[in-house]
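Undergrad: take this sequence and fold it.
(chains A and B)
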Number of protein chains: 2
Amino acid sequence: MKLSELGEFGLIDLIHQITDKFKSPRQLSWQQLLVGIGDDATVWQGGDYIQLATTDTLVQDIHFDLNVITWEELGWKALAVNLSDVAAMGGVPQYALISLALPGEVEVESISKFYTSMMHLAEQFGVAIAGGNIVAATNIVITGTVIGYSKGAILKRSTARLGEQIAVTGYLGLSAAGLEMLKGKVSFDAETSNILRQGHLQPVPKVKEGQILAGLGVKSAIDISDGLVADLSHICEASRVSAKVKIEQVPVHPVVKANFPNYQELALYGGEDYELLFTSDKAVIEQTVQALNCPVTIIGDIIEENLPKRVTLVDRKGDVIPYKKGGWEHFKEGVSKTKFT
Amino acid sequence: MKLSELGEFGLIDLIHQITDKFKSPRQLSWQQLLVGIGDDATVWQGGDYIQLATTDTLVQDIHFDLNVITWEELGWKALAVNLSDVAAMGGVPQYALISLALPGEVEVESISKFYTSMMHLAEQFGVAIAGGNIVAATNIVITGTVIGYSKGAILKRSTARLGEQIAVTGYLGLSAAGLEMLKGKVSFDAETSNILRQGHLQPVPKVKEGQILAGLGVKSAIDISDGLVADLSHICEASRVSAKVKIEQVPVHPVVKANFPNYQELALYGGEDYELLFTSDKAVIEQTVQALNCPVTIIGDIIEENLPKRVTLVDRKGDVIPYKKGGWEHFKEGVSKTKFT
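TA: Numbering: from 1, shown residues only, chains lettered A, B, ... in the order given. Here you go, the predicted model:
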């Protein structure tokens, strides 16, 4: 069987099974692993500290197109997607390693722009660029690794419970709409173009927001990289629950709503918005609405504790809306980035 | 200017300069960074612990050829090269993240073999495979990240001092000789072939040895990935010293000496042996000879404290031997793996 037949999540399950077979209770390293494969970041119990680590790869012509993205935007995004994974665990990022596979014909100036922009984002979040490595290659591949720590409370995918509300930070659909524009499908005035472009190419990870959620007692969260439906499905699978989303309540970015007839699709399936999707009981969700500087919107509920662990979309009348296979699954149908830490 | 003109080490210098400009003494993350870009691994001061982190990438058809390497060997090597970087700092590896860029046509069975073999190596060194990520790509790219800790004493590249002896663990040349055989340049009986193949494709990182060296008070070390001359040059540059190597004393693996007329070249420039190259005063070196379970061979001395920071090779009469530009530099002349953590 080929990977294209098994699909990404089948592959992740397989890797999980293989590594599990070797888990030894006698080995300290496995005892220290609090959260392994299957969440946004690895969680590791050190002596009296809890460490987080995550890694993410961007491949040229799959995750980015140099005809569209600038080197500045690429440097930003390569770090941002990793910071977002730390945010989704409620953690504090500390330092990053950047591994670059680069063709020899790349301009030195491009790499200067790449790192300068990355450093601006790093500075904003108090992150040091601590190392990495460089190899020659025919195609650009960028792997970022971010290491950080948790103050104690961790946001996991596996802790959503029956009766909890589902909420999301910010607005959705901007990144996917930006991609549609960048692909040349539509064009807009300069201001709209800029918002869309930045939404897709310079997402701001919700690092502080993740920490506040964890501090308020939220237990379950994920960052929206694959798309709302797909990422909520990840929570459902990991938590063994089902979810109901009222699609009318999904906060679509106003620029998207005003300019894209397919705005609901973009918000539900688009991905790469790097907002936080989380679940908690009503009282805690209310506190998050007060505490966060960005909008928090309740979009649905966790409705079942058992199989079939799926996401149901309903309209304002409560009627079930059929949906596309959520998110992007590598190998099978398209590509984006999905984590298996 | 293109990267192919600047070269790998020029690029590393550039990145170092850019990140340095953003180093802020007000930012805690930079204060905690004990060793950043320019050594085998990043060293990070946590509260009461010292953390190590390193990353390394293998690119298909540049670092490995699937017509030659098996998936089992690839899984082993992808982790081994990272464990070797932790070894070169005298550290204890704890867990790894594996980032895979894979074409959809790869067989699922291949990935099973890859992980099973990697887990065998991980188990041997008490390392957990804690996460990673998977993306689709047209070409296989594997980035491993290993995180560990230091017991306190750290082996650095920048701490070699005038008058110290230079020593190396084990034997050199086996990996490069193995590569020559695998490229079909020469063939041997089954036993010899097996030793050569394993030398190139399944190196055993000197993790325990690195820890013992650090414990005995060795200050300066590097793992031999680029080649003896190139890696010693890295120490000379980082430490601002020069080195003299007596080439007759370089420990060539007996299988290489017996079968390859160019054995000396393979041992001096070949690389990827993942032995440890280190410097220390005579008394400490003598202790390492006693303490390590593998051979330790004194191959030369640190002879100057100032520029031109270079490696000189001498024959048994003390005459200087001219040498090839050491190691492999990406973009410029060929490729291998070189670190810039």
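Undergrad: A:A238 and A:K156 touch, don't they?
TA: Yes - A:A238 lies in contact with A:K156 (CB atoms under 8 Å); the separation is 7.5 Å. For every residue, glycine as well, the C-beta is placed using N, CA and C.
Undergrad: settle it for me: which of the two has more neighbours?
TA: More neighbours surround A:K156 than the other of A:A238 and A:K156, with 23 against 18 (other CB atoms under 10 Å in any protein chain shown).
Undergrad: how close does that one sit to chain B?
TA: Counting by CB to the nearest CB, to the nearest Å, the gap from A:K156 to chain B is 13 Å.
Undergrad: cool, and A:L277?
TA: Distance of A:L277 to chain B, given as CB to the nearest CB: 19 Å.
Undergrad: do the same with A:A283
TA: Applying CB to the nearest CB, the value for A:A283 to chain B is 33 Å.
Undergrad: any idea which element that residue lies in?
TA: Per DSSP states H and E: A:A283 is located in helix A:282-291.
Undergrad: name the helices or strands packed onto that helix?
TA: strand A:165-169, helix A:207-216, strand A:296-304 (3 or more CB pairs under 8 Å, 6 or more residues apart in numbering or on different chains; DSSP states H and E).
Undergrad: change it to 6 Å
TA: The contact analysis (3 or more CB pairs under 6 Å, 6 or more residues apart in numbering or on different chains; DSSP states H and E) places helix A:282-291 against strand A:165-169, helix A:207-216.
Undergrad: any idea how far that helix is from the chain center?
TA: The chain centre lies 22 Å from the centre of helix A:282-291; the measure is CA atoms, centre = their mean, to the nearest Å.
Undergrad: and the residue in the stretch 101-250 of chain A positioned nearest to chain B, what does it touch?
TA: Closest contact between the stretch 101-250 of chain A and chain B, by CB to the nearest CB, is at A:G131 (2.8 Å). Neighbour list for A:G131: A:L97, B:G36, B:I37, B:T42, B:T341 [criterion: CB atoms under 6 Å, 6 or more residues apart in numbering or on different chains].
Undergrad: give me the buried subset of these.
TA: When the contacts of A:G131 are checked for burial by 16 or more other CB atoms under 10 Å in any protein chain shown, the buried set is A:L97, B:G36, B:I37, B:T42, B:T341.
Undergrad: against B:A221, how distant is the third one?
TA: What that stands for is B:I37. Distance of B:I37 to B:A221, computed by CB to CB, to the nearest Å: 18 Å.
Undergrad: try the fourth one
TA: Distance, B:T42 to B:A221, by CB to CB: 16 Å.
Undergrad: ditto for the second one
TA: In this structure, B:G36 and B:A221 are 18 Å apart, going by CB to CB.
Undergrad: and the contacts of A:G131, which is closest to B:F114?
TA: When these are ranked by distance to B:F114 (CB to CB), A:L97 comes first, at 22.0 Å.
Undergrad: secondary structure element holding that closest one?
TA: strand A:92-102.
Undergrad: and that strand, how far from the chain's centre?
TA: With CA atoms, centre = their mean as the basis, strand A:92-102 stands 17 Å off its chain's centre.
Undergrad: now do the buried residues in the helix or strand sitting right after it along the chain.
TA: Note on strand A:92-102: by DSSP H and E, the next helix or strand toward the C-terminus is helix A:108-124. Within helix A:108-124, the residues that count as buried by 16+ other CB under 10 Å are A:108, A:110-119, A:121-123.
Undergrad: count of residues packed around A:L292?
TA: Burial measure for A:L292: 19 neighbouring residues, criterion other CB under 10 Å.
Undergrad: check the spacing between it and chain B real quick.
TA: In terms of CB to the nearest CB, A:L292 sits 24 Å off from chain B.
Undergrad: any idea how far that residue lies from A:A53?
TA: Taking CB to CB, one finds A:L292 at 26 Å from A:A53.
Undergrad: same question for A:A153.
TA: Distance, A:A153 to A:A53, by CB to CB: 18 Å.
Undergrad: A:S84 now?
TA: 14 Å.
Undergrad: and what of A:Y269?
TA: Counting by CB to CB, the gap from A:Y269 to A:A53 is 29 Å.
Undergrad: between those two, who's got more neighbours?
TA: Using other CB under 10 Å, the more surrounded residue of A:Y269 and A:A53 is A:A53, with 27 against 22.
Undergrad: who's in contact with the more buried one?
TA: Counted by CB under 6 Å, 6+ apart, A:A53 has contacts A:T42, A:I147, B:I147.
Undergrad: and A:A291, by the same measure?
TA: Applying CB under 6 Å, 6+ apart, one finds that A:A291 lies in contact with A:I212.
Undergrad: all the helices of chain A, residue numbers only.
TA: Remark: helices assigned in chain A by DSSP state H are A:3-6, A:8-22, A:28-32, A:71-87, A:108-124, A:174-182, A:190-201, A:207-216, A:228-239, A:254-259, A:263-269, A:282-291.
Undergrad: give me the pLDDT for A:L33.
TA: A:L33 carries a pLDDT score of 92 in this model.
Undergrad: go on, A:T338?
TA: For A:T338, the predicted pLDDT is 38.
Undergrad: which non-adjacent residue is nearest A:Q31?
TA: For A:Q31, ignoring the flanking residues on the chain, the nearest one in space by CB to CB, 6 or more residues apart in numbering or on different chains is A:P25 at 6.9 Å.
Undergrad: and A:L201, by the same measure?
TA: Nearest residue to A:L201 in three dimensions, chain neighbours excluded: A:E73, at 4.0 Å (CB to CB, 6+ apart).
Undergrad: any idea how far A:Y115 is from the one you found?
TA: Taking CB to CB, one finds A:E73 at 13 Å from A:Y115.
Undergrad: and for A:Q60?
TA: Taking CB to CB, one finds A:Q60 at 17 Å from A:Y115.
Undergrad: who's in contact with A:A160?
TA: By CB under 6 Å, 6+ apart, A:A160 lies in contact with A:S220, A:I235, A:S239, A:V241, A:T279, A:I302.
Undergrad: same check, this time on A:W71
TA: A:S110, A:K113, A:F114.
Undergrad: and the residue nearest to the second one when sequence neighbours are not counted, how close does it get to A:I140?
TA: Nearest in space to A:K113, with sequence neighbours left out and distances taken as CB to CB, 6+ apart, is A:W71 at 4.1 Å. A:W71 sits at a distance of 10 Å from A:I140 (criterion: CB to CB).
Undergrad: distance between stretch A:274-281 and the chain's centre?
TA: For stretch A:274-281, the separation from the chain centroid amounts to 11 Å (computed by CA atoms, centre = their mean).
Undergrad: test my guess that A:L97 contacts B:T57.
TA: No - in this structure, A:L97 is not within contact of B:T57 by CB atoms under 6 Å, at 10.8 Å.
Undergrad: A:V289 - how many residues pack around it?
TA: Around A:V289 there are 12 residues (other CB under 10 Å).
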